[in-house]
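1. Here's a sequence, model it:
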Amino acid sequence: MAGPARKFDLNELAHRTENLVELQVKSPEPTEELLSRLRREEEDARHERTKALIGYLAALVGLGTVCGFCLWIAIGSHSSADDKKWATAILTSIVSLWGGYVAGKSQVAK
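-> Predicted coordinates:
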């Protein structure tokens, strides 16, 4: 609930040295411009969400490819011991990072 309108003496405000006063008088935004601006902002937000989703999916596909390749090397009978060693190290790093990510997510959610 709004209280009574306050009156300001603009001359008094302008002559005070401790205050910086900026006064703007604006007319309301026309309805067509308002609707156009809101549509544009909605489209921009949708575009940003789509970009974020594409980036997330690309990272997920890349990570899946690396995991699959490392599993193929680590499990395959044709791989040497050194190949299995680095593949296992990469898989261990991925699992550790994933666990840290999930644990961090649960901490933020609380």
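
2. in this protein, what secondary structure element scores lowest on mean pLDDT?
-> Lowest on mean pLDDT, DSSP states H and E among the helices and strands of the chain sits helix 10-15, with a mean of 74.

3. Measure how far that one is from the centre of its chain, please.
-> Computed by CA atoms, centre = their mean, to the nearest Å, the chain-centroid distance of helix 10-15 equals 44 Å.

4. For Ser106, which residues are in contact?
-> Residues counted as contacts of Ser106 (CB atoms under 8 Å, 6 or more residues apart in numbering): none. All C-beta atoms are positioned from the backbone trio N, CA, C, and that covers glycine.

5. how near is it to Glu48?
-> Note on Ser106: its distance to Glu48, by CB to CB, to the nearest Å, is 26 Å.

6. In stretch 91-108, which residues are buried?
-> Buried residues in stretch 91-108, defined by neighbour count with 16 or more other CB atoms under 10 Å: Leu91.

7. Measure how far that stretch is from the centre of its chain, please.
-> The answer for stretch 91-108 is 19 Å, by CA atoms, centre = their mean.

8. CA atoms only: put it into PDB for me.
-> Output of stretch 91-108 as PDB, limited to C-alpha atoms (Å, rounded to 0.1, in the frame of the first residue of the first chain):
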ATOM      1  CA  LEU A  91      38.900 -43.600 -16.600                       C
ATOM      2  CA  THR A  92      39.900 -43.200 -13.000                       C
ATOM      3  CA  SER A  93      40.200 -39.400 -13.500                       C
ATOM      4  CA  ILE A  94      36.900 -39.200 -15.300                       C
ATOM      5  CA  VAL A  95      35.100 -41.200 -12.500                       C
ATOM      6  CA  SER A  96      36.800 -39.000  -9.800                       C
ATOM      7  CA  LEU A  97      35.800 -35.800 -11.500                       C
ATOM      8  CA  TRP A  98      32.200 -37.000 -12.000                       C
ATOM      9  CA  GLY A  99      32.000 -38.000  -8.400                       C
ATOM     10  CA  GLY A 100      33.300 -34.600  -7.300                       C
ATOM     11  CA  TYR A 101      30.800 -32.900  -9.600                       C
ATOM     12  CA  VAL A 102      27.900 -34.900  -8.200                       C
ATOM     13  CA  ALA A 103      29.000 -34.300  -4.600                       C
ATOM     14  CA  GLY A 104      29.400 -30.600  -5.300                       C
ATOM     15  CA  LYS A 105      26.000 -30.400  -6.900                       C
ATOM     16  CA  SER A 106      24.400 -32.000  -3.800                       C
ATOM     17  CA  GLN A 107      26.200 -29.500  -1.500                       C
ATOM     18  CA  VAL A 108      24.900 -26.500  -3.500                       C
END
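
9. Fine by me, we can end here.
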